[in-house]
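Student: Take a look and give me a structure for this.
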Amino acid sequence: AACPWPIGLAGPAALALGIRRAGRMGIRVRNPAVLQSLRRPDVVVLNKTGVLTEGTPRLVETRTFSDAGEDDVRGVALAVARRSGHPYAAGLARASAGEVPGPVESLETRPGLGAAARLAGRDVLVGNLAWLADHG
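Tutor: Residues are numbered from 1 along each chain as shown. A predicted model of the protein is given here:
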């Protein structure tokens with residue numbers, strides 16, 4: 001007798017294993033479907049800056065748009081990133097003094113843009129420059 005269900009189970013298990021192994025090698029897989037189509041590439045073309053990372057994010061620059069100091073801004077960013085589970089949270093933790101201004105009371109992530117949060121009684125935005133500029 002033949003039973004097809006193990007085939008349906010093997011595919012997702014192999015995909016999960018591939019993503020886990022890539023993670024151990026410092027490769028972040030954003031779309032698991034890519035692993036299915038990527039058997040033995042001859043050429044890899046990247047058309048966007050910032051796509052490749054070393055697997056250990058690090059803070060390169062801090063910009064403040066208020067009277068808050070850099071340490072305060074890093075603390076807010078660290079608190080929001082930790083709560084969101086963003087991969088850059090580890091890089092922020094290494095760069096900050098570890099001072100977090102209080103608990104994150106609410107969080108709304110905007111994929112590709114950033115996160116809006118309520119932190120210690122105030123509303124904060126953490127994200128890319130264009131999104132922050134759109135919100136003044």
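Student: in the sheet, who's paired with residue 114?
Tutor: residue 110, residue 127 (DSSP bridges).
Student: got a list of what it touches?
Tutor: Contacts for residue 114 (CB atoms under 8 Å, 6 or more residues apart in numbering) come out as 125-128, 131-132. In this view, the C-beta of every residue, glycine as well, is placed from N, C-alpha and C.
Student: neighbour-wise, which of the residues you listed leads?
Tutor: Sorting the contacts of residue 114 by how many neighbours each has (other CB atoms under 10 Å) puts residue 126 first, at 25 neighbours.
Student: all helices of the protein, in order?
Tutor: 5-24, 33-37, 70-84, 89-95, 129-134 (DSSP state H).
Student: What sits closest to residue 129 if chain neighbours are left out?
Tutor: In this structure, residue 129 finds its nearest non-sequential neighbour in residue 63, 7.5 Å apart by CB to CB, 6 or more residues apart in numbering.
Student: And for that neighbour, the neighbour number?
Tutor: By other CB under 10 Å, the burial measure for residue 63, its neighbour count, is 8.
Student: pretty sure it contacts residue 127?
Tutor: No. Checked against CB atoms under 8 Å, the pair residue 63 and residue 127 is beyond contact range at 11.9 Å.
Student: Quick check: neighbours shared by the two?
Tutor: Counting by CB under 8 Å, 6+ apart, no residue touches both residue 63 and residue 127.
Student: Adding mean pLDDT, write the helices of the chain out as a markdown table.
Tutor: Putting the helices of the chain into a markdown table (pLDDT from 0 to 100) gives the following:
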| stretch | mean pLDDT |
| --- | --- |
| helix 5-24 | 81 |
| helix 33-37 | 75 |
| helix 70-84 | 81 |
| helix 89-95 | 74 |
| helix 129-134 | 90 |
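Student: Please identify the deepest-packed of these.
Tutor: helix 70-84 (a mean of 20; mean count of other CB atoms under 10 Å).
Student: Report all helices and strands that it contacts.
Tutor: For helix 70-84, the contact count by 3 or more CB pairs under 8 Å, 6 or more residues apart in numbering; DSSP states H and E identifies helix 89-95, strand 104-110, strand 114-119, strand 122-127 as packing neighbours.
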